[in-house]
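Asker: My questions are about this predicted structure, shown below with the sequence.
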Number of protein chains: 2
Amino acid sequence: MAITDEAIEKIKDMIVSGVLRPGDRLPREADLAERLGLSRNSLREAVKALSLIHVLDVRQGDGTYVTSLEPSVLLDAIGFVIDFHRDDTVLEFLEVRRILEPAAAAMAATRMAPDETAGLRALLAELGKDPSVEDLVANDLEFHRRIAVGSGNQVLCSLVDGLSGPTQRARIWRAITQEAAVARTLAEHHAICDAITAGQPDVARARATVHIAGVEQWLRDVPVWAHPSVQRCVGPPLRSVSP
Amino acid sequence: MAITDEAIEKIKDMIVSGVLRPGDRLPREADLAERLGLSRNSLREAVKALSLIHVLDVRQGDGTYVTSLEPSVLLDAIGFVIDFHRDDTVLEFLEVRRILEPAAAAMAATRMAPDETAGLRALLAELGKDPSVEDLVANDLEFHRRIAVGSGNQVLCSLVDGLSGPTQRARIWRAITQEAAVARTLAEHHAICDAITAGQPDVARARATVHIAGVEQWLRDVPVWAHPSVQRCVGPPLRSVSP
DNA sequence: CGAATAGCTTACGTCCGATGTCTTGTGGTT
DNA sequence: AACCACAAGACATCGGACGTAAGCTATTCG
């Protein structure tokens, strides 16, 4: 194993074992490097890797700190990872979203406070007549995110939020190529919101399932993959998608 | 934004835009560094970070390659991240597992081939009388993993597999401190296996839910957190867990 | 007296060049 | 044709030097 990977493991062990706790500050790079028995350059590679996944927080001129290590912080990095997936795997992600989001909606229906549900309604109301595609996508993302937050489970919230990344583009294309989808999506959002507000977990779950399944079905049926605008978004060589 | 972070973004863009495709080889460090306008050291930090999350695969003496970028490969990294979570968040992870695993079990009941279900039964049969704790945990993990694989969804599989990390230790403690849990767990495994083999998704889902919920309930009720063996596993200062 | 500021200290950010180590492919030998 | 030794290419690691930014301190001025 490379010396840098060993350093990653050692730092990880220090955190997992409790030697370093959330918020703690690490020794200076020079000192830590000496203590771990490697050069500062190699140590920096390890620190960089750990900071990419939000385990460490490096502040120039100050020092390097352990983050809060909360699920929301750590799982936040999956959004970054998700971006790398090719579009022919979107359906797999949607399938998982169809599992997670209905559950989140049901939990939200039980746990969300009145002021939160009010905020959810307000969010949907923000969209005026004839909104832009960007507004639609942003509103859509925020809507799903708030429900995830409303579930009261950080892990679930982070997963739902992170998994939305790859399908965000799909939403854009959907809005672009299928006009009717806009009204339908908004109607479905309102329906889900109503169920949550009414405190009906079963209804919220079902409506969320219908919502996601609708997108899934649309992606499965329509050969968007061949659409020119998609080619532009995805980049030149598009691998076999729907053989 | 730091120059290294820019390099990470640029490499990411090259991959997302299709300039670099799965399996492609990157230019030599020296060349790529020059092309991106930074030093080789800084570039190496970027590459190291991307290789930690399995986006790049660096082979000494050979070169640096883009991985297959399959969901199973990329999401594999979440297992690493999960290890950092403190034990007071285990319940949140279990709650998500209670959502995902029943869904996986139901899907497996529909999709798993006869030889796969046979393998699942064989796995459970491998555990002889009076198995060691290590065997139990390993068998348990493998059992859940195979069901996840059987769901036919890479993303779901990776998530289920990754989320098992933090609760693995909980399983160990459970086995240690509660003798009766061993027989109960095995019985539940057999019941789930039977439902999958019989092709009954609803039953499989329900039994998986019961299985996870049982663990959850156990963790919620029993003050394992105060148990000395846990302190040893977790490390010195245990933050407030159940206030 | 207190607040603003200039400057010092410290720690991370970046770079350069040299050397070690590993993989691979080549070419010669048997 | 099979095998081995060597050389080339690429990553691994190191040490040191210099740049940049944040934080603390002491000075200064209202």
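Answerer: Here it is on my side, so go on.

Asker: going forward, measure contacts and count neighbours with C-alpha atoms only.
Answerer: Noted.

Asker: Could you check how far residue A:53 is from DNA strand C?
Answerer: When distances are taken as CA to the nearest atom of the strand, to the nearest Å, residue A:53 and DNA strand C turn out to be 15 Å apart.

Asker: residues near that residue, how many?
Answerer: If you count neighbours by other CA atoms under 10 Å in any protein chain shown, residue A:53 ends up with 25.

Asker: What of the one 5 residues further on?
Answerer: By the measure other CA under 10 Å, the count of residues near residue A:58 is 19.

Asker: who's it bridged to?
Answerer: With DSSP bridges applied, the residues forming beta bridges to residue A:58 are residue A:64.

Asker: isn't it right next to residue A:65, touching?
Answerer: Yes: with contact taken as CA atoms under 8 Å, residue A:58 and residue A:65 are classed as touching, separated by 6.3 Å.

Asker: could you check the angle helix B:90-111 makes with the strand or helix carrying residue A:99?
Answerer: Secondary-structure assignment from DSSP states H and E places residue A:99 in helix A:90-111. Counting by axes from the mean of the first three to the mean of the last three CA atoms, to 10 degrees, helix A:90-111 lies at 130 degrees to helix B:90-111.

Asker: so is residue A:31 in a helix, a strand, or just coil?
Answerer: Recorded secondary structure, residue A:31: helix (DSSP: H, G, I helix; E, B strand; the rest coil).

Asker: need the contact list for residue A:211.
Answerer: Contact analysis of residue A:211 by CA atoms under 8 Å, 6 or more residues apart in numbering or on different chains lists A:185, A:188.

Asker: Tell me the confidence at it?
Answerer: Per-residue confidence at residue A:211 stands at 95 (pLDDT).

Asker: With residue A:61 instead?
Answerer: Here the pLDDT value assigned to residue A:61 is 95.

Asker: A strand includes it, no?
Answerer: No: membership of residue A:61 in a strand is not supported by three-state DSSP, which gives coil.

Asker: Residue A:69 and residue B:85 touch, don't they?
Answerer: Yes: Residue A:69 lies in contact with residue B:85 (CA under 8 Å); the separation is 6.3 Å.

Asker: ok, the residue nearest to residue A:94 when sequence neighbours are not counted - contacts?
Answerer: Ranked by CA to CA, 6 or more residues apart in numbering or on different chains and with sequence neighbours excluded, the top spatial neighbour of residue A:94 is residue A:216, at 6.5 Å. Contacts here follow CA under 8 Å, 6+ apart; on that basis residue A:216 touches A:91, A:94-95.

Asker: Give me the three-state assignment for the most centrally placed residue in chain A.
Answerer: Central residue check for chain A by CA atoms, centre = their mean: the C-alpha nearest the mean position is that of residue A:162, 1.4 Å away. On the three-state scheme (three-state DSSP), residue A:162 is labelled helix.

Asker: my read: it touches residue A:83, true?
Answerer: No: between residue A:162 and residue A:83 there is no contact, the gap being 9.4 Å when judged by CA under 8 Å.

Asker: what number of residues lie near residue A:14?
Answerer: Neighbourhood size, residue A:14 [other CA under 10 Å]: 14.

Asker: Likewise for the one 4 residues further on?
Answerer: Per other CA under 10 Å, the neighbour tally for residue A:18 reads 17.

Asker: can you confirm it is in a helix?
Answerer: No: assigned with three-state DSSP, residue A:18 falls outside any helix and is coil.

Asker: Buried residues in stretch A:74-92, which are they?
Answerer: Within stretch A:74-92, the residues that qualify as buried by neighbour count (16 or more other CA atoms under 10 Å in any protein chain shown) are A:74-87, A:89-92.

Asker: Among those residues, which lie within strands?
Answerer: Within the buried residues of stretch A:74-92, no residue falls in strands by DSSP state E.

Asker: and chain B, which of those reach it?
Answerer: The subset of the buried residues of stretch A:74-92 within reach of chain B, counting by CA under 8 Å from any CA of the partner chain, consists of A:74-75, A:78, A:81-86, A:89, A:92.
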